[in-house]
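Q: Predicted structure and sequence below. I'll ask about it afterward.
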Amino acid sequence: MEITQFELEASRDGKFIIFTAGQTDQEPISLSIPCEVIGEMVVGLLSTSTVCARLNDSTSQGFSGVADQSEGAFALANGIALQDITDRPDVVALTFLFGQTQVAIGLSRVALQPLGSALLAATADTSKPQ
């Protein structure tokens, strides 16, 4: 079975992300991606992944709440904003900032409610007696 391996690193000048990938039995290839397009690329990858799941009849389970521990890779954002989507009043976008890259993820207002409750619970000051 072939395994795809990949590596991500910043260029020395900090202007590009260098993506190197390949199968175990092939020579890897590298692609230099300008930092300013990473957000659009991530949104495109996530959108395409959603289409793939739909085409493969995958049933995705919704989730809400706070997990006890992280399961999987994550990137630490250095900023977040909430914005209304003017042409979709039922959707709110959470915009995350990673360095100079912005990624906006749309959520229905219905899905935003349990997220808000979970965020309040996660940020509660547990040092004060109630």
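A: That came in fine, so what should we check first?

Q: beta partners for Thr4?
A: When assigned by DSSP bridges, Thr4 has beta-bridge partners Gln23.

Q: Now do the same for Lys15: its pLDDT.
A: Among the per-residue scores, Lys15 shows a pLDDT of 94.

Q: no wait, Glu7
A: In this model, Glu7 carries a pLDDT of 93.

Q: Could I get the contacting residues of the residue lying closest to it once chain neighbours are set aside?
A: Sequence neighbours aside, Thr20 is the residue nearest to Glu7 in space, at 4.7 Å (criterion: Cβ to Cβ, 6 or more residues apart in numbering). Every C-beta, even on glycine, is put in place using the N, C-alpha and C of the backbone. Applying Cβ atoms under 8 Å, 6 or more residues apart in numbering, one finds that Thr20 lies in contact with Phe6, Glu7, Leu8, Glu9, Pro28, Ile29, Ser30, Leu31.

Q: Setting aside sequence neighbours, what's the nearest residue to the last one?
A: For Leu31, ignoring the flanking residues on the chain, the nearest one in space by Cβ to Cβ, 6+ apart is Phe19 at 4.8 Å.
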